[in-house]
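Novice: can you look at this prediction? I've put the sequence above it.
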Amino acid sequence: MSYRSRWRGLIMAATMALALGLAAFAQGYPAQAAPSARTPQPAAGARAAPHPAVLPARPDAGGGDGCNPRRANDFLTFRFDGWYRDPGTTVGGVYSDIYNYSPWVYYISAQDSAVAAWTMVDLSSNANTWAQVGWVEFPLGKRYVFTQTNNNGSLITHYFSPKPINSQAYYTTLYNNTPGHFSYQVSGSTIEVDPAGFTPNEGQNFGETHSFADQMPGGYNQNEYFNDTHIYYSGGWHNFSGTVADSSTAYGYSHPSSTEMLIWDKACPN
């Protein structure tokens, strides 16, 4: 397993797709293709994190969650907190109900550094292969839903209007739902389809930062959560049941069940 996702400078080169209500791509695939056509529904008893107290405006985050962790800036160093799963066969998709948290993002410039949370499929033997969808926040509160495909170094990134802060949404990455392509869904609607240049064998579900001065999504009283998380392989959806991994003792995590992962930055209460 190797962590994936690279953001530096991507916001300038990416295709911007910011209109709400984007038309979903037509779907259709033969019976033997990996994921079934499904619209995930919230799990019974899904936990919504509490809304934080109103905080003074600050330049590095837009939503009022979190805090400045007051750690040294070491941009561009990637750190992660979450879990991964390699079932030993082709992975047809990962979905998770992800909390749309608004973290502190250290200001270097408006186009550098980023904090994100996402679902992903990848080829574990090649660090230049991944397909992912999630939320991302840049400095000054610039937030997007994003999709990113890396076909052995050929990177495709798209940005879309964000989901509301302190809401939750299903983020689904699918392989071969449209034959030969990766499909990306948010709240059950397909927002992007990109060509697939590899066959994934691993699923990932992580929060990501690009500097130690960034806040990992979540606080210890208001966690970032990945709820109702599932992975597709061998003809069906399975509980994610992943292996937990984090990049620093500055971050916390909890693994309440085989479908739920909670993460947070130990420096921040909310």
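Specialist: Right, received. Where do you want to start?
Novice: and the next helix or strand past the one helix or strand residue 131 maps to?
Specialist: Using DSSP states H and E, residue 131 sits within strand 129-138. Sequence-wise, the next helix or strand downstream of strand 129-138 (DSSP H and E) is strand 142-151.
Novice: what pairs with that following strand, parallel or antiparallel?
Specialist: In the sheet containing strand 142-151, its partner strands are strand 129-138 (antiparallel), strand 154-160 (antiparallel), by DSSP bridges.
Novice: closest to residue 216 out of those?
Specialist: Closest to residue 216 of the strands paired with strand 142-151, according to C-beta to C-beta: strand 129-138, at 12.1 Å. C-beta coordinates here come from the backbone N, C-alpha and C atoms, glycine included.
Novice: what about that closest one, average pLDDT?
Specialist: What strand 129-138 shows for mean pLDDT is 97.
Novice: chain center to it, what's the gap?
Specialist: The chain centre lies 5 Å from the centre of strand 129-138; the measure is C-alpha atoms, centre = their mean, to the nearest Å.
Novice: cool, stretch 135-143 as well?
Specialist: Between the centre of stretch 135-143 and the centre of its chain there are 13 Å (C-alpha atoms, centre = their mean).
Novice: that one: end-to-end distance?
Specialist: Here the two ends of stretch 135-143 are set 7 Å apart, with distance taken as C-alpha to C-alpha, to the nearest Å.
Novice: what's the answer for stretch 211-227, then?
Specialist: 26 Å.
Novice: report the buried residues of that stretch.
Specialist: By neighbour count, with 16 or more other C-beta atoms under 10 Å as the criterion, the buried positions of stretch 211-227 are 211-219, 222-227.
Novice: in the stretch 1-150 of the chain, which spans are helices?
Specialist: Secondary structure of the stretch 1-150 of the chain, counting by DSSP state H, counting those that start in this stretch: helices at 10-13.
Novice: quick one: low-confidence parts of it?
Specialist: 1-63 (pLDDT under 70).
Novice: run through the bridge partners of the spatially most central residue of the chain.
Specialist: Computing the C-alpha centroid of the chain and ranking residues by C-alpha atoms, centre = their mean puts residue 118 first, at 0.8 Å. With DSSP bridges as the criterion, residue 118 is bridged to residue 134, residue 206.
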